[in-house]
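S.K.: Got a predicted structure plus its sequence, pasted below:
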Amino acid sequence: MMCDFLFSLVCTGEIFELKAELNSDKKEKKKEAVKKVIASMTVGKDVSALFPDVVNCMQTDNLELKKLVYLYLMNYAKSQPDMAIMAVNTFVKDCEDPNPLIRALAVRTMGCIRVDKITEYLCEPLRKCLKDEDPYVRKTAAVCVAKLHDINAQLVEDQGFLDTLKDLISDSNPMVVANAVAALSEIAESHPNSNLLDLNPQTINKLLTALNECTEWGQIFILDCLANYTPRDDRESQSICERVTPRLSHANSAVVLSAVKVLMKFMEMLPKDLDYYGTLLKKLAPPLVTLLSAEPELQYVALRNINLIVQRRPEILKHEMKVFFVKYNDPIYVKLEKLDIMIRLASQANIAQVLAELKEYATEVDVDFVRKAVRAIGRCAIKVEQSAERCVSTLLDLIQTKVNYVVQEAIVVIKDIFRKYPNKYESVIATLCENLDSLDEPEARAAMIWIVGEYAERIDNADELLESFLEGFHDESTQVQLQLLTAIVKLFLKKPTETQELVQQVLSLATQDSDNPDLRDRGYIYWRLLSTDPVAAKEVVLAEKPLISEETDLIEPTLLEELICHIGTLASVYHKPPSAFVEGSRGVQHKRLPGSAGSGESVESPDTGSAAGVSEAPPAVIPSQGDLLGDLLNLDLTPPTTTGPPPPASSGMQMGAMDLLGGGLDSLVGLLNTLPHQSPSPPDYSPTEVGPGDHAGLVKMGTGFGAPPAAMPASFNVPVSGGLDDLFDLGGGVGMPMGVFNPPKTVWLPAMKAKGLEISGTFVRRAGVIQMEMTLTNKAMSVMTDFAIQFNRNSFGLAPAGPLQVLTPLSPNQSIEAALPLSTVGPVMKMEPLNNLQVAVKNNIDVFYFSCQYPISMLFAEDGKMERQVFLATWKDIPNDNESQFQIKDCHLNSDAASNKLQGSNIFTIAKRTVEGQDMLYQSMKLTNGIWVLAELRVQAGNPNYTISLKCRAPEVSQCVFQNYEMVLKN
């Protein structure tokens with residue numbers, strides 16, 4: 001206590017001295033005092049008591065002193081907002097100072113002071129600085145707009161700063177252009193649907209011109225902006241690539257990676273038979289190789305990005321294998337990454353060189369690196385068939401070293417080689433069995449057990465070997481237990497008379513003495529198969545296994561596309577999309593590569609045939625534990641019953657529209673045919689085995705579109721009774737719909753822009769027919785006749801179903817109502833925003849153009865109500881990355897009223913449950929192009945804020961669906 005008291009006395013004395021010095025008449029003394037204040041502030045001392053005295057020092061012509069005072073202000077203004085107001089007059093005055101450095105400093109500091117009271121005074125000085133004659137002031141003001149938008153977005157929009165910022169893209173100074181692009185990009189990130197950066201060929205040309213003269217940071221901003229642009233055709237794509245290519249020789253690695261990102265994206269649109277395509281591939285290799293001569297941290301970032309590039313386009317670096325050879329002084333993280341890329345680049349041409357290197361690495365002292373090197377030899381054998389024999393020989397040499405961890409890794413990879421080349425290298429089994437006693441790692445033990453079980457007929461003492469593992473069954477890991485169970489059952493089916501006692505023992509251990517549900521379930525399946533139908537058991541357990549794939553660790557294609565669009569960012573280092581590690585990224589827009597040239601997929605009109613093909617079943621996604629639907633799917637319910645096939649897709653669906661949101665989206669129309677199904681009887685099993693610990697032989701995948709599914713899994717396909725009746729209580733509260741909400745008419749085309757013709761309108765859906773209802777008003781002095789209407793291509797294929805019927809001439813000051821029926825079979829092109837519609841109206845005077853936005857509920861079909869079990873299966877099947885969460889604020893309806901209101905817009909409530917006073921509504925809707933959207937709406941009694949989670953195969957529609965929910969519930 002005494003120490004604290006003395007310290008406070010010292011501090012008080014120091015502050016008193018500083019106060020006296022700050023009020024000194026001598027400029028030098030005053031400057032030294034401010035320096036001392038900043039020094040104290042930097043080490044964490046509280047010098048806020050000096051705020052008025054420091055502010056008084058602002059009135060000076062000394063630039064250094066002014067900078068120090070501004071630094072102090074930025075730090076303490078938030079804790080002393082009332083005092084900070086004192087500085088406003090000086091800021092405003094400094095914004096008109098003859099010295100451009102002081103003008104820029106003033107506007108920069110005002111932008112950094114995050115105090116609402118000060119932002120009001122910032123608007124006028126900022127407006128002047130945005131149009132300042134000095135480019136340094138303009139570029140500083142551009143960044144200030146982004147900072148101000150972060151504090152008060154509405155103020156920035158009301159003051160028109162965003163339009164001024166857009167104008168700065170045409171500025172004569174390249175640094176002003178770069179900062180304007182950086183500011184607009186940052187604002188656009190927080191408002192993904194604002195379309196602030198309206199990129200078109202003219203804007204792109206300005207950016208490319210500024211690119212050559214910017215600083216390195218300015219170049220990065222512009223290149224990142226270019227990466228978000230989708231060229232109209234391959235010619236424009238080539239033109240941009242030619243102008244970006246010189247950036248590859250820049251000294252800054254961030255500029256190089258940003259340029260690579262742009263080129264990788266735009267290469268997708270170039271035909272592969274084009275001469276320039278080959279030239280570009282050659283130009284991309286040297287800069288990437290140069291990055292590997294930097295310090296280790298930069299090397300690692302470069303290697304992580306190269307790993308993605310090699311997976312997408314291995315031909316870029318196929319002749320550069322040697323640069324990825326490991327150096328003795330490389331850190332372990334660089335070594336492991338280089339090793340991974342070496343395997344990806346391995347081919348018949350360079351395999352001898354690669355194997356010689358890997359064998360050297362396997363004798364290193366670093367255990368992790370040696371393990372990866374041994375695994376790499378196995379991966380080379382699987383990837384390059386001609387090298388398999390040499391790889392096996394190398395692995396046997398390594399086993400002879402008797403180094404424990406080398407032997408164990410070698411056995412794991414030899415098991416994979418057996419899977420790839422059955423009945424080819426089994427002569428090495430005897431050597432493997434000699435090392436049985438030295439295995440102590442679960443993966444190696446499981447691999448050895450699999451080999452013994454798989455080739456039991458060739459191993460005389462297979463029963464003894466497996467029995468030795470069985471002695472410590474309960475001490476083994478689950479992976480080993482599962483593999484041991486399968487191996488002994490295989491042995492029994494091959495040698496039934498000799499191993500009956502052994503199989504009884506393992507089945508008893510797995511089913512009666514184990515508390516692991518996976519092990520117990522597999523034990524019961526085997527027991528029942530063996531006791532009821534041994535022939536079926538043999539067909540399932542001893543089925544011919546599919547060959548394992550060459551590359552088992554490739555990144556999933558759609559994720560790889562997204563990561564390529566994020567080259568040079570943290571996403572490319574983590575190999576995860578930004579939504580996986582950036583907070584508040586719900587509803588984030590996922591980036592995709594444009595359609596490749598020659599693939600039949602144009603940028604404007606996506607592949608119309610892709611939806612008609614049979615898509616593979618997507619991998620099962622396990623919902624998070626907090627997910628109520630995930631918990632529901634885990635309930636152990638009654639035995640399965642068969643159900644009929646799913647309802648057929650709407651006959652009027654335009655197949656081309658299915659893939660309109662970027663290509664590669666799974667068709668939800670065929671979803672039920674691609675879900676895993678449980679086969680009703682043993683003879684119908686389609687046995688396949690995945691490897692140690694996996695038994696995919698008991699799962700049968702559905703066929704293509706049109707094939708009726710097999711029986712649904714037990715957890716989906718149950719008679720709804722008991723627990724599910726309570727959970728899916730549709731009787732209490734979900735009644736008849738209130739009535740359809742149709743948005744009021746708004747002015748689409750003002751008279752001043754259309755020579756006196758004013759058009760206001762809205763969209764309605766009645767009895768399944770979409771109509772565009774318009775009021776046409778003549779505010780000109782002449783009669784208007786000969787009306788016609790046409791739509792541009794749009795996201796959902798909206799097109800007039802007939803001509804615009806205006807039967808009588810439209811006299812001056814007269815209004816007439818017109819209803820235009822619409823179809824959804826028109827040409828498709830993705831719009832921004834998604835529900836944007838561009839319209840051309842012609843009359844006897846001229847042709848006029850306008851755009852409007854239709855509520856997406858106009859596209860919700862009347863047959864959009866899913867079956868409960870199908871809803872559960874679909875929700876589980878859609879990846880969690882496709883889920884978006886939003887808040888609907890100030891809504892005062894209860895859950896029943898909300899459900900009724902939404903049903904009027906074809907948003908159907910499938911189920912309702914109440915958890916701790918919170919109502920959960922599970923809802924489905926189906927768009928006219930066959931895309932399904934699933935929703936979970938949470939309504940808390942007394943809380944006007946709802947939470948809505950949306951899941952969809954095309955996550956781009958989620959934002960529009962959320963806006964529609966908000967509009968319907970609040971009107």
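M.R.: Here it is on my side, so go on.

S.K.: wait, isn't residue 306 in contact with residue 287?
M.R.: No. Using Cβ atoms under 8 Å, residue 306 makes no contact with residue 287, being 10.8 Å away. Every residue, glycine included, has its C-beta placed from N, CA and C.

S.K.: Tell me which of the two has more neighbours.
M.R.: residue 306 (30 against 20; other Cβ atoms under 10 Å).

S.K.: For the more buried one, give me the pLDDT.
M.R.: At residue 306, the model reports a pLDDT of 94.

S.K.: how near is it to residue 572?
M.R.: Here residue 306 is placed at a distance of 10 Å from residue 572 (Cβ to Cβ, to the nearest Å).

S.K.: How about residue 165?
M.R.: 28 Å.

S.K.: now do residue 307
M.R.: In terms of Cβ to Cβ, residue 307 sits 9 Å off from residue 572.

S.K.: Also residue 498?
M.R.: According to Cβ to Cβ, residue 498 stands 56 Å off from residue 572.

S.K.: So which of the two has more stuff around it?
M.R.: Between residue 498 and residue 572, counted using other Cβ under 10 Å, residue 572 has the larger neighbour count: 22 against 12.

S.K.: Just the element for the more buried one, please.
M.R.: Here residue 572, judged by DSSP states H and E, is contained in helix 570-574.

S.K.: so what does that helix touch, helix or strand wise?
M.R.: Applying 3 or more Cβ pairs under 8 Å, 6 or more residues apart in numbering; DSSP states H and E, one finds that helix 570-574 contacts helix 296-312, helix 557-564.

S.K.: Figure out which of those helices is closest to residue 217.
M.R.: Closest to residue 217 of the helices and strands packed on helix 570-574, according to Cβ to Cβ: helix 296-312, at 16.9 Å.

S.K.: check contacts around the closest residue to residue 783 other than its chain neighbours.
M.R.: Distance criterion Cβ to Cβ, 6 or more residues apart in numbering; nearest residue to residue 783, sequence neighbours excluded, is residue 809 at 4.9 Å. Contact analysis of residue 809 by Cβ atoms under 8 Å, 6 or more residues apart in numbering lists 783-785.

S.K.: picking that back up, need the least confident one among the helices and strands packed on helix 570-574, by mean pLDDT.
M.R.: Note on the helices and strands packed on helix 570-574: helix 557-564 shows the lowest mean pLDDT, a mean of 88.

S.K.: and it with helix 296-312, angle?
M.R.: 140 degrees (axes from the mean of the first three to the mean of the last three Cα atoms, to 10 degrees).

S.K.: Can I take it that residue 759 is in a strand?
M.R.: Yes. Per DSSP: H, G, I helix; E, B strand; the rest coil, residue 759 lies within a strand segment.

S.K.: The closest residue to it other than its chain neighbours: what's it in contact with?
M.R.: Once flanking residues are discounted, residue 759 sits nearest to residue 749: 4.1 Å by Cβ to Cβ, 6+ apart. Going by Cβ under 8 Å, 6+ apart, residue 749 touches 757-759, 841, 848, 850.

S.K.: which one of those residues is nearest residue 792?
M.R.: residue 850 (11.1 Å).

S.K.: show me where the stretch 1-150 of the chain has helices.
M.R.: Using DSSP state H, counting those that start in this stretch, the helices found in the stretch 1-150 of the chain span residues 2-22, 27-42, 51-56, 63-76, 81-84, 88-94, 100-112, 116-130, 135-151.

S.K.: looking at these, which has the lowest confidence?
M.R.: Among the helices of the stretch 1-150 of the chain, helix 2-22 scores lowest, with a mean of 57.

S.K.: so where's the chain shaky on pLDDT?
M.R.: For the chain, the stretches flagged by pLDDT under 70 are 1-13, 192-195, 550-553, 584-590, 595-740.

S.K.: which stretches of the stretch 301-450 of the chain form helices?
M.R.: Going by DSSP H, counting those that start in this stretch, the stretch 301-450 of the chain shows helices at 332-345, 351-361, 367-383, 388-399, 404-420, 429-434, 442-454.

S.K.: Let me have those in TSV, adding distance to residue 799 and mean neighbour count as columns.
M.R.: Output for these, formatted as TSV (distance: least, Cβ to Cβ, whole Å; neighbours: other Cβ atoms under 10 Å):
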stretch	distance to residue 799	mean neighbour count
helix 332-345	47	19
helix 351-361	56	17
helix 367-383	50	21
helix 388-399	57	19
helix 404-420	52	22
helix 429-434	67	15
helix 442-454	58	24
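
S.K.: can you redo those as TSV with distance to residue 919?
M.R.: Shown next, in TSV, are the helices of the stretch 301-450 of the chain (distance: least, Cβ to Cβ, whole Å):
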stretch	distance to residue 919
helix 332-345	49
helix 351-361	60
helix 367-383	52
helix 388-399	61
helix 404-420	51
helix 429-434	60
helix 442-454	46
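
S.K.: quick one: which of these is nearest residue 99?
M.R.: Going by Cβ to Cβ, the one of these nearest residue 99 is helix 332-345, 48.6 Å.

S.K.: by contact count, what packs against that closest one?
M.R.: helix 296-312, helix 351-361, helix 367-383.

S.K.: between those helices, which one is nearest to residue 856?
M.R.: The nearest among the helices and strands packed on helix 332-345, by Cβ to Cβ, is helix 296-312 at 33.3 Å.

S.K.: With that, I have no additional questions.
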